[in-house]
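Asker: The following block contains a protein sequence and its predicted model.
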Amino acid sequence: MLIEEDLDSEDEWRYGSTVYYYDLKDKHSYSLTKEIAEGSFSFGAIKNDNLCLLVGNDFTHGFVTQDKIYLYDIKKATLTCLTEKEDLQVGDALISDFQQKNKGVSIEWLDDESFIFPVTEHGKIVLYQGTIQGEVKELYNERLHLTDGVLIDDDSMIVTYSTLTNPSSLGLLNLTTKKIEELYNPNGTVLSKIELSKPEMFWFKGARDWNIQGWYMPPVESKENHKAILYIHGGPQVAYGESFFHEMQVHTANGYGVILLNPRGGQGYGQEFVKSILGDYGNEDYEDLMLGLDYCLTEYPEIDKNQVYVAGGSYGGFMTNWIVGHTNRFKAAVTQRSISNWLSFYGTSDIGPFFVKYQLESDLSDVEKLWEMSPLSHAHKAKTPLLVLHGEEDLRC
């Protein structure tokens, strides 16, 4: 049998997990990833009780290292990375308030040599086919969020999916025609009676002229000189995408436009993109957000630039705090479950004491750097009205 466990449950400073092979007869066990000292791995799928697909990474870039597909041959006791040459994040890193912690599309064997797996890419979940020889090709790429899926034959999958204007549907995906036949929409009656904002996807140039993706959700009732909210996601190693977001629809129903941006640090845009924030919170990620706001104010002149607000939670709360200490361009701000001081955060979060070390590339031996990256150190410059929201049982931030 195969078991997933932490690398060392007794060492709170060690991050990662592995998959163990456990022999029920002799009670012997061993790690399938013992040749990789660090990293984090989970079970994917097994074929003929021998070829085991794992999802994981070798911790090259700490826990912002992109997950890849590995093959463990139980008979030969060999571990091989099958997507080593691909700049892809295996799995689902999209964020919304309808589709978090979903199972995701299953990694499944198509035959003795090939398999199907999901990838987070440009705000979508894309399906790829891989082989045990390390070949990879795209199978399905449409603007939606595949939230679950299992093969029913070589050409078809039963899937659940979400879009920017549909919370969730059950469907039959034909991998040849690339079409989904909707089988059931549990929200069909409600959706027929309400009007939703129809988000518009765009790309703009961020810091260092990098391509940054975003979405603008106009108010349900279109009008000139309307208010808008720059809403910053948490993580930061997640991403907004082609998925229904109830909270944002509520804001648009109340007359606000909503700006959703994926600044550097998030998943779905390559390894360099996601690791670029390490040790550099509040610098180019902040610049990406401000350039994205500038883009929206130019492309959507109906936004009243004097009535733009900023909000966010977790990393988005950190960035909201950072923003009000570095610019006065927002009318007001709401920071939720936020981090304001890396020094007091250090070692006190349920995420583990290693977070600051790997994310900010500093520890308590460099108090000045941690304080400089703390929004609290810039609070004396803040002029923007700020509402602070937190939860008594939030052990993360």
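Answerer: Yep, it's here. Every value quoted in this text rests on a predicted model; they were computed, and no experiment measured them. Numbering: from 1, shown residues only.
Asker: what are the ranges of the strands in the stretch 151-300 of the chain?
Answerer: In the stretch 151-300 of the chain, the segments counted as strands under DSSP state E, counting those that start in this stretch are 156-163, 166-174, 179-184, 200-205, 211-217, 226-232, 256-262.
Asker: so what does the third one touch, helix or strand wise?
Answerer: Here strand 179-184 touches strand 166-174, going by 3 or more Cβ pairs under 8 Å, 6 or more residues apart in numbering; DSSP states H and E. For glycine as for every other residue, the C-beta is placed from the backbone atoms N, C-alpha and C.
Asker: if we can go back for a sec, of all the strands of the stretch 151-300 of the chain, which one comes closest to Asp58?
Answerer: Counting by Cβ to Cβ, Asp58 lies closest to strand 256-262 out of these; the figure is 25.1 Å.
Asker: which neighbours does the closest one have in its sheet, and in what orientation?
Answerer: Strand pairing for strand 256-262, determined by DSSP bridges: strand 211-217 (antiparallel), strand 226-232 (parallel).
Asker: Now render those strands as a markdown table, adding distance to Ala311.
Answerer: Putting those into a markdown table (distance: least, Cβ to Cβ, whole Å) gives the following:
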| stretch | distance to Ala311 |
| --- | --- |
| strand 211-217 | 14 |
| strand 226-232 | 5 |
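Asker: Quick check: which of the ones you listed is nearest to Met248?
Answerer: Nearest to Met248 among the strands paired with strand 256-262 is strand 211-217; the distance by Cβ to Cβ comes to 5.6 Å.
Asker: So what does Ser29 have for phi and psi?
Answerer: Main-chain torsions, Ser29, degrees, to the nearest 10: phi -140, psi 160.
Asker: Quick check: closest non-adjacent residue to it.
Answerer: Excluding the flanking residues, the one nearest Ser29 by Cβ to Cβ, 6 or more residues apart in numbering is Tyr22, at 4.3 Å.
Asker: What is the burial count for the one you found?
Answerer: For Tyr22, the neighbour count with other Cβ atoms under 10 Å is 12.
Asker: ok, now which ones touch Leu230?
Answerer: Neighbour list for Leu230: 259, 261, 289, 292-293, 308-311, 330 [criterion: Cβ atoms under 8 Å, 6 or more residues apart in numbering].
Asker: List the buried residues of stretch 142-153.
Answerer: Neighbour-count burial for stretch 142-153 flags 142, 144-149, 151 (criterion: 16 or more other Cβ atoms under 10 Å).
Asker: As TSV, those with secondary structure would be great.
Answerer: Formatted as TSV, the buried residues of stretch 142-153 follow (DSSP: H, G, I helix; E, B strand; the rest coil):
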residue	secondary structure
Glu142	coil
Leu144	coil
His145	strand
Leu146	strand
Thr147	strand
Asp148	strand
Gly149	strand
Leu151	strand
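Asker: and of these, the nearest to Leu110?
Answerer: Among the buried residues of stretch 142-153, and counting by Cβ to Cβ, the member closest to Leu110 is Leu151, at 7.5 Å.
Asker: And for that closest one, nearest residue in space, chain neighbours not counted?
Answerer: Leu151's closest residue in space is Glu108 (Cβ to Cβ, 6+ apart), at 5.0 Å.
Asker: Ok, His145 next?
Answerer: Leaving aside its sequence neighbours, His145 sits nearest to Ser243 (Cβ to Cβ, 6+ apart; 3.7 Å).
Asker: and that neighbour, how many neighbours?
Answerer: 29.
Asker: Lys75 now?
Answerer: Counted with other Cβ under 10 Å, Lys75 comes out at 9.
Asker: The closest residue to it other than its chain neighbours: what's it in contact with?
Answerer: The shortest distance from Lys75 to any non-neighbouring residue, by Cβ to Cβ, 6+ apart, is to Asn50 (5.4 Å). Residues near Asn50 by Cβ under 8 Å, 6+ apart: 73-75.
Asker: Quick check: of those residues, which lies closest to Thr60?
Answerer: Using Cβ to Cβ, these come closest to Thr60 at Asp73, 23.0 Å.
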